[in-house]
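Predicted structure and sequence below. I'll ask about it afterward.
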Amino acid sequence: MRKFENLIKLAGIEVCFCLSDLGVYEFAFPLDQAIKMVNFLNQKNIAILGGDVYYRKGFEINPSDESWYCEKNNEETDYDFTQRSFYVAITYIESFLTNENSGNTLFTITIQDENLTI
C-alpha cells in the first residue's frame with residue numbers, strides 16, 4: 001500500500017478516502033480524481049487490473065456491487081496490455097459522468113505492481 005500512497009502523491013491527487021475502516025486496504029477516489037489517477041498511471045505505463053465502485057452519503061462510504069477488471073491476454077505484450085487496461089478503466093469510470101449520483105461515486109484502482117519503479 002505504501003507504493004500506492006507514493007503514486008497518489010506523485011499524481012497530485014487532492015482528494016481520496018482510505019477504506020481501512022471498512023476492512024479494505026485501498027483508497028477510493030471521487031470521479032474526477034479517479035480519472036486523474038488513471039491518466040497518471042497510463043503516463044507511467046502502469047497496468048490497471050481493475051477496481052471497485054463505492055458510494056458516499058455524507059460521511060458514510062458503502063460498497064456497491066459494481067466493479068471492472070482487465071486481464072492480460074496470452075498474446076499481448078506488456079505495453080499493449082497496459083494501454084488496453086487504461087482504455088478499459090477510463091471508459092468504465094467515465095461512464096459514470098452521466099450518472100445522477102456521480103458526485104457521490106468513488107472508485108478504487110488496482111494496479112499491476114510487479115517491479116514497480118517510478
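Thanks, I have it. Small disclaimer: the values here were computed from a predicted structure and weren't measured.

Hmm, residue 81 is touching residue 87, no?
No: here residue 81 lies out of contact with residue 87, judged by CB atoms under 8 Å, at a distance of 10.7 Å. Using the backbone N, CA and C atoms, a C-beta is placed for each residue, glycine as well.

Next, the contact list for residue 24, please.
Counting by CB atoms under 8 Å, 6 or more residues apart in numbering, residue 24 makes contact with 63, 108.

Am I right that it falls within a strand?
No: Residue 24: not assigned to a strand; according to DSSP: H, G, I helix; E, B strand; the rest coil it is coil.

So for the spatially most distant residue from the centre of the chain, what's the pLDDT?
In the chain, the residue that sits farthest from the middle, by CA atoms, centre = their mean, is residue 75; the gap is 24.8 Å. For residue 75, the model assigns a pLDDT of 95.

Please settle this for me: is it part of a strand?
No: looking at residue 75 with three-state DSSP, it is coil, so not inside a strand.

can you tell me which helix in the protein is longest?
helix 78-94 (DSSP state H).

What is that helix packed up against?
helix 31-43, strand 48-57, strand 60-69 (3 or more CB pairs under 8 Å, 6 or more residues apart in numbering; DSSP states H and E).
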